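K.L.:
Structure, please.
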Amino acid sequence: MDPLERLLAERACERLVIDFVRRLDLGEPSSVAELFTADGWWEWPPPGDGRRAEGRAALAAYFGSRPPGRLSRRVMSNILVTVTGPETATATSYFQTYRVDGHDGGRDGGMVPAGPPVQVGHYEDRFRCLDGGWLLASRTLVLPFGGPTPTAGG
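P.N.:
Coordinates of the predicted model:
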């Protein structure tokens, strides 16, 4: 790949990483399935709880099952994309999740007192370029720091 093609591939993959969390926090969570290949998957392997969703329908159902009243914001950083070929890439990215359940104000509702993040970890991603567009082929969650989701007002 020439340097410009590599740069464009890296940027497209970085955008997927950021779009994923934007859709979870500010969009329609089930729509993250559109960012994956048809056979793509997301998992939280052991020592996590072993959850895995494979294929767009399963991904849409899993991410669409977000509890009502959940307010969240994820902060992504340290996004390192490595282009491994003309149609493949990998990435590692760090995240922090701030979240509360029982928020009745909706997206534009009242402010919630700030607390520490309930999760700090990283994702290990694989990407594929199909028909000129980059998609997630797999996303693995690594979560070394985590705790319970607090409830609004308590």
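K.L.:
per-residue confidence for the closest residue to residue 133 other than its chain neighbours?
P.N.:
Nearest in space to residue 133, with sequence neighbours left out and distances taken as C-beta to C-beta, 6 or more residues apart in numbering, is residue 12 at 7.6 Å. Backbone N, C-alpha and C define where each C-beta goes, glycine included. Looking at residue 12, its pLDDT stands at 98.
K.L.:
Would you confirm that residue 12 contacts residue 135?
P.N.:
No: here residue 12 does not reach residue 135: they are 9.4 Å apart, not a contact under C-beta atoms under 8 Å.
K.L.:
Quick one: distance of the longest helix anywhere in the chain to the chain centre.
P.N.:
For the chain, the helix with the greatest residue count under DSSP state H is helix 3-26. From the chain centre to the centre of helix 3-26 is a distance of 11 Å (C-alpha atoms, centre = their mean, to the nearest Å).
K.L.:
Okay, strands next: where are they in this structure?
P.N.:
Along the chain, the segments classed as strands by DSSP state E run 36-44, 51-54, 71-85, 88-100, 119-130, 133-146.
K.L.:
Let's have those strands in CSV, adding mean neighbour count.
P.N.:
Rendered in CSV, the data for the strands of the chain read as follows (neighbours: other C-beta atoms under 10 Å):
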stretch, mean neighbour count
strand 36-44, 18
strand 51-54, 15
strand 71-85, 15
strand 88-100, 19
strand 119-130, 19
strand 133-146, 17
